[in-house]
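Asker: got a predicted structure here, sequence first:
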Amino acid sequence: MGKIKSALEIALEKTESVKSSKDSIGQFEAKQQGKKLANEFLEGTKKSLEEDLKKASKEDLANLKQGIFDILISQLTLPAVKEDLPRIEKAGQGLHMIIGGKPFGEIVKQMGQILNQYLDEAAKYEEAIKRQYAPKLRQKEEEIARRLGRAVKIDPFQDPEFVAFYNQNMNSLKSNYEAMINEVKEEATRRFTGEH
């Protein structure tokens, strides 16, 4: 008959191959600290990242930067509204702080201008789409009014046909600008990882 193992013996056998080293814990903690710093920077409670980078030990610096980079790069997206722009621009500024170099600073500046242009263009697109669809919407309102015997006003975004038409047109605009955002992200990644 075989020996019955205690729960402790089974647990020790299973964790025998798992060895946690001080290095991997230190790397994880430095990366987490970098993420925390990046979030504080985005929230505006931290004005600059450079001082924290200077204070970091040589062993922690790369992982601290990686944590910061991971958070900031994830913020580079198309803005839904004008209020999103400061957060995105701040993320670009933070990336510039950890990547450095005048060329990347220029890329960040251009990105801000292009995102403003995108919001303006998106607003114009939306108005043009509504104007183009207005006759069809009026026709639907008249049809419903005849059936109900009273005037009806339809919100275009409640009409599935309009929403499909709207999304189709807006997605083509978005895809052009998303390509630019992806290029900025790729360039940031190349510069951050040292590939040129």
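Answerer: Structure's in. What do you need?
Asker: so which residue is dead centre in the protein?
Answerer: By Cα atoms, centre = their mean, the chain has its centre lying nearest to Gln75, at 3.4 Å.
Asker: next, the closest residue to it other than its chain neighbours: secondary structure please.
Answerer: Among residues not flanking Gln75 along the chain, Ala91 sits closest, at 3.5 Å (Cβ to Cβ, 6 or more residues apart in numbering). The C-beta positions use only the backbone N, C-alpha and C, and glycine is treated the same way. Using DSSP: H, G, I helix; E, B strand; the rest coil, the three-state assignment for Ala91 comes out as helix.
Asker: what about Ala91, distance to Gln32?
Answerer: 19 Å (Cβ to Cβ, to the nearest Å).
Asker: more crowded one of these two?
Answerer: Ala91 (23 against 13; other Cβ atoms under 10 Å).
Asker: so the more buried one sits against Leu49, correct?
Answerer: No: Ala91 is beyond contact range of Leu49, at 11.4 Å (criterion: Cβ atoms under 8 Å).
Asker: returning to what we had before: the residue nearest to the centre of the chain and Leu42 touch, don't they?
Answerer: Yes: using Cβ under 8 Å, Gln75 is in contact with Leu42, at 6.7 Å.
Asker: need the overlap of contacts for these two.
Answerer: Counting by Cβ atoms under 8 Å, 6 or more residues apart in numbering, the contacts common to Gln75 and Leu42 are Arg87, Lys90, Ala91.
Asker: any idea which of these is closest to Lys124?
Answerer: The closest of the shared contacts of Gln75 and Leu42 to Lys124 turns out to be Arg87 (Cβ to Cβ; 23.3 Å).
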